[in-house]
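> coords please:
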Amino acid sequence: MGYEQNPARESLPSASPDEIVAAWYRMQVQNAHLLQRLALEHELNPIDLRALKFLGMDDEPRTPKDLARFLQAGSSLASAVIERLELRHFVRREPNPRDRRSTLLQLEDGGRAVVDQLRRLYGRALSGLFGHPDQDAILTATQQIEEGLREAASY
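As a prediction, the model looks like this:
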């Protein structure tokens, strides 16, 4: 397909760009299957599962506006997602101490359980890489992929 190659890597023996893209694509298909299984198991629709993944990504407080931005949706869709997740006791709203007009979204035990289960499943899938001699290079490559996807998504 003629993918652009990182000039710093040209001298190293490696798989072709086409092989890397094909492997990435296959991995994404398997990830989609994993997420679908998790969504079905917890009776979540894909958008609600994406919201939980976002809220469980790190320990930063998130507002409904942050969630709407992440979902690339309007505030009404984000509010509907939050309400569905609140009804299931997956999230709760708390007053925002920095802005009394806003709320912060916190995972409840049910939402944390879904996020923790996903992390365990990812950990199991990646376990062959833990302790690998190139573990630091794998982490660097993963971070580069993250940045590349962020750039690609912002076209």
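> tell me where this structure has strands.
Under the criterion DSSP state E, the chain contains strands at 91-95, 103-107.
> single out the most deeply packed of these.
strand 103-107 (a mean of 18; mean count of other Cβ atoms under 10 Å). C-beta: built from backbone N, CA, C; applies to glycine.
> can you give me the helices for the chain?
17-41, 46-55, 64-71, 75-87, 109-126, 135-153 (DSSP state H).
> where does pLDDT dip in the chain?
Along the chain, segments meeting pLDDT under 70 span 1-13, 155.
> residue 90: what's it in contact with?
Listed by Cβ atoms under 8 Å, 6 or more residues apart in numbering, the contact partners of residue 90 are 48, 52, 107, 108, 110, 111, 114.
> what's the distance between the fourth one and residue 37?
Residue 108 sits 22 Å away from residue 37 when distances are taken as Cβ to Cβ, to the nearest Å.
> one more: the second one?
Counting by Cβ to Cβ, the gap between residue 52 and residue 37 amounts to 15 Å.
> can you check the last one too?
Shown here: residue 114 relative to residue 37, a distance of 12 Å by Cβ to Cβ.
> so between these two, which is more surrounded?
Using other Cβ atoms under 10 Å as the criterion, residue 114 and residue 37 rank with residue 114 on top: 23 against 11.
> thank you kindly, that will do.
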